[in-house]
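**Student:** predicted model and sequence below, questions to follow.
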Amino acid sequence: MQRHLKKPGYRHSITLSGLLALILALTACSNASSGPTAQQIISNAQAAMQKITSYHFDLVADHPGSGGLIVVTSANGDILVPDKLQANANALVLGNVVQVQIIAIGDQQYVTDPVTGKWSRSGGLLDPRTLSDPKTGVSAIVGHLQNPSTPTDSTVDGVSCWSINGKLDAKYLTAITGGGTPSGTLVNTTLCIGKKDNLPYLIRISGMTIQGDTNQTVRTFKLSKFGEPLTIVAPIS
């Protein structure tokens, strides 16, 4: 009987070839299933937000401090970029919770009297210019997140998004809090960026951002209805 001698290294080469093919296949699967990095998502969100002309917002502050004469504890309304805002709000006024309406156009801010409903000039409320400014507004909040975590799947009111945690210098939250934060104060922040449109649907801030806040203070800022037609005018006195 004639025996066929195998060439030296034949079995070894097949084993190496199979192992190499397996590694390449696993690498391809890993690359296909991995999502964008946190930095890519954040960069895309900044660019997308700077193109938006209007949006709706909901702001809720749990256990807020009392750093000003009027502290907004919750509000829902609309922003017309770059300098107009209208909202219904609950506010702490000298320690009492009242319901008011707010309109801001440029540097002019108006609020209704909680008893008579009449409009009057005010200040220190939500400022649409700071919310729209790339250096102080939503784009700045998103762009200055420190040590962002690996993005994870999440949803905000049914919208599929990437959730990212990190730290944020509270000075970038002036547009939401009204300011009064010691320089260098870092707070825990969560962003949720839409997967389809790269827009920020949620900004949640936990910690002390103004005088009187505690570690239990949480501010949740939701955005929606991006780019819808909107008109905001000054109230009639």
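**Tutor:** Received, thanks.
**Student:** I'd guessed residue 50 sits against residue 139; true?
**Tutor:** Yes - the criterion here is C-beta atoms under 8 Å, and residue 50 meets it with residue 139 at 5.7 Å. Every residue, glycine included, has its C-beta placed from N, CA and C.
**Student:** give me the more crowded residue out of those two.
**Tutor:** Using other C-beta atoms under 10 Å, the more surrounded residue of residue 50 and residue 139 is residue 139, with 22 against 13.
**Student:** in a strand, that's where that one is, yeah?
**Tutor:** No - using DSSP: H, G, I helix; E, B strand; the rest coil, the assignment for residue 139 is helix, not a strand.
**Student:** next up, the contacts around it.
**Tutor:** 46, 49-50 (C-beta atoms under 8 Å, 6 or more residues apart in numbering).
**Student:** cutoff 10 Å now
**Tutor:** The neighbours of residue 139, taking C-beta atoms under 10 Å, 6 or more residues apart in numbering as the test, are 45-50, 52, 131-133, 172, 200.
**Student:** overlap in contacts, residue 50 and residue 139.
**Tutor:** In contact with both residue 50 and residue 139: residue 132, using C-beta under 10 Å, 6+ apart.
**Student:** start and end of stretch 189-206, how far apart?
**Tutor:** Start-to-end span of stretch 189-206 (C-alpha to C-alpha, to the nearest Å) is 6 Å.
**Student:** is it true that residue 45 touches residue 142?
**Tutor:** Yes - counting by C-beta atoms under 10 Å, residue 45 touches residue 142, with 5.0 Å between them.
**Student:** returning to what we had before: quick check on the contacts of residue 139: which are buried?
**Tutor:** Listed as buried from the contacts of residue 139 are 45-46, 48-49, 52, 131-133, 172, 200; burial here means 16 or more other C-beta atoms under 10 Å.
**Student:** just the ones of the residues you listed in helices?
**Tutor:** Among the buried ones among the contacts of residue 139, the members falling in helices (DSSP state H) are 45-46, 48-49, 131-132.
**Student:** pipe the residues you listed into CSV and attach pLDDT and distance to residue 115 per row.
**Tutor:** Below are those laid out as CSV (pLDDT from 0 to 100; distance: C-beta to C-beta, whole Å):
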residue, pLDDT, distance to residue 115
45, 97, 42
46, 95, 43
48, 96, 42
49, 94, 38
131, 85, 29
132, 87, 32
